[in-house]
Structure formats: structure tokens, C-alpha cells
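[1] Fold the stuff below for me.
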Amino acid sequence: MAEASAPRPTAAVLLIGNELLSGKIRDENGWYLSRVCRRRGLTLREIAVVPDELDTIGEALLRLLTSVPLVFTSGGVGPTHDDVTMAAIARATGRRLIRDGQMEAILRQHYKGAAAEAALRMAEIPEGTTLRALPGWPVMRLDLAAGEIFGARPPQPHDARIYILPGIPALLRAKIETLEGIPGELPPARDWALVELHTSLDESALADRLDEVVADFADVEIGSYPSWIPDEGGRLRVRVKITFEASDAARAQAARDALADQLDPARLLPPPAPTS
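    You can find the predicted model right below:
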């Protein structure tokens, strides 16, 4: 067997907002950031959703930082009463919340010199935060040395980075796209090959053979996804899609072929026609 690929770095996403938990707003940012992590070669370990509460945000952030070195936060960075993300991150990381002169100048320019005090609240950021992707509206980044967060239990074991992003999907996407355009800012993009196998066998009939392939191809991510499709007589027929993903296209194809070789060719199905 070929040598397994090097493990990918890990990341997590922290979505902040009562509106996400109440269902008033459908989340788009978690899905989008999961796609970003995929193309940047990151393994996304968790997407957490928390309300606009100082302590809850901080506790979730500390928990994530003990297990992954990179956390994207989304939401809670505006000028209103429920925008407490900056204060929560400052408190959780033991940093002062300070009014940043550069951020204040950006806000005053944006509001044409007539910025209300409420708007200027957005210039209050955790001490040590750097403004990235300038000129224009910045991306906020906070870097933390290993062990720096003394309140974390267990202690934060690695250097860590937090990207503090807005909750408005269009703005978040624009900021991520700008970050991706800065050389060395995010992990390098990594190509991933994906191949599929479709079968009319149900998952219980596949399980043992699939387990063997998973054991033999530990470096390939394998997923199984059943669906039920009505036939011409209206009876439901199972279709199982199995995906094989790897950084090496040959490995993904080899894993797919290893499973296909164990199945009756009559039970293999062509991929469904793409929907318009």
C-alpha cells in the first residue's frame, strides 16, 4: 500500500447569534467556511453555534482553541447591544479591549467623518489584533502563542490564530476572498480528487466489504450516502452513493476500484443525470 498522505491541519468555526439558534436566519456561513477549509487543505473539526452571550462565546472559543490551531468566528461584530463578540474574545484570551486608532480612522472615513459613538464601538478590538487585507474594510486576526490562554482547560497546547469575521454572508465571503488573495495568509490551497461509485445494494449488504476498503485505504476519506428513488411502478429503490476523496487522485480511484471489484457488476449504477 502506498504511504498515507501527511495529515491536514485542523480548524473550527464558531457561529455567533441568537438568530441562528431561533431559526430566524438560516446559516450560510458555516457551509461556506467548510468549503473554504476544504480547498485550503484544512480539516474542519467542528462548527459550533452559540448565542450572543459573553461567557458562552468565550467558553466555546476556549474549548475550540484547545483542540485546533485555527478558529474562524462569524457574527456579533456590529455596533448594536447584542454585538459582543469582540468583548467576549478579549475576555476569553486575557486581552484588553482597546479602541484601535487605525480601525477608528477606517470607520470615520467610511461614515464620512460623521460617525456616531455607536458606530465607533466597532473600533474596540482585543489588544494585539492585527488588521489584514487593507486598504478597505479589514479582516481582524488575533494570534496567540502556545500556552498563552491560561484560562483554557486543558491549556492551549499550540500556537493559535483567530479570524474574526462578520455575520452578513456577503461581507464574510468578500473578506475571505481577500484573505485568500494574500500570499501565505491561509494554508496553501490543496487539490482533492473525488470519485464516486453508485450501487443498488443497500448499506447493510455493503458494510463488510466497505469496512475492508476503509481499512486498506486509511488515507482516503470514504463516505456512504443512501437515497430512495421511485421506479416506473412507483416502488422505492435504494441507490447508495459512495465517495472516495484523497489528495492523490490515483489513491481515490484505487479505493473505488477495490470496492467495485468486490461487487456484482449488475448492481453497479451509472451516476445520476445532473439536475438543471
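[2] show me the contacts for the residue nearest to the spatial centre of the chain.
    Taking Cα atoms, centre = their mean, the centroid of the chain lies closest to residue 34, which sits 3.4 Å from it. With contacts defined as Cβ atoms under 8 Å, 6 or more residues apart in numbering, residue 34 is in contact with 13, 44, 47. C-beta: built from backbone N, CA, C; applies to glycine.
[3] Run through the neighbouring helices and strands of the helix or strand bottoming out on mean pLDDT in the chain.
    Least confident element among the helices and strands of the chain, by mean pLDDT, DSSP states H and E: helix 117-120 (a mean of 80). Contacts defined by 3 or more Cβ pairs under 8 Å, 6 or more residues apart in numbering; DSSP states H and E place helix 117-120 against helix 101-110.
[4] Could you pull out the buried residues of the helix it packs on?
    Judged by neighbour count (16 or more other Cβ atoms under 10 Å), helix 101-110 contains these buried residues: 103-104, 106-107.
[5] Can you classify residue 146 by secondary structure?
    Per DSSP: H, G, I helix; E, B strand; the rest coil, the secondary structure class of residue 146 is coil.
[6] I'd say it and residue 159 touch.
    Yes. The pair residue 146 / residue 159 is scored as a contact, 5.2 Å apart, by Cβ atoms under 8 Å.
[7] what's the next secondary structure element after the least confident helix or strand of the chain?
    Remark: after helix 117-120, the chain's next helix or strand is strand 124-126, criterion DSSP states H and E.
[8] chain center to stretch 183-203, what's the gap?
    Centre-to-centre, stretch 183-203 and its host chain are 15 Å apart (Cα atoms, centre = their mean, to the nearest Å).
[9] distance between the ends of it?
    44 Å (Cα to Cα, to the nearest Å).
[10] Do a quick rundown of the helices in the stretch 1-150 of the chain.
    In the stretch 1-150 of the chain, helices defined by DSSP state H, counting those that start in this stretch lie at 18-22, 29-39, 54-65, 85-93, 101-110, 117-120, listed in chain order.
[11] Pull out the buried residues from the least confident helix or strand of the chain.
    Neighbour-count burial for helix 117-120 flags 119-120 (criterion: 16+ other Cβ under 10 Å).
[12] One more: stretch 157-176?
    Buried residues in stretch 157-176, counting neighbours by 16+ other Cβ under 10 Å, are found at 160-167, 169, 172-176.
[13] go on, stretch 144-151?
    Those buried within stretch 144-151 under the rule 16+ other Cβ under 10 Å are 144, 148-149.
[14] got any ranges where this structure has weak pLDDT?
    1-7, 113-115, 150-153, 275-276 (pLDDT under 70).
[15] So it: which segments form each domain?
    Domain assignment for the chain by automatic domain parsing gives 10-180, 194-269.
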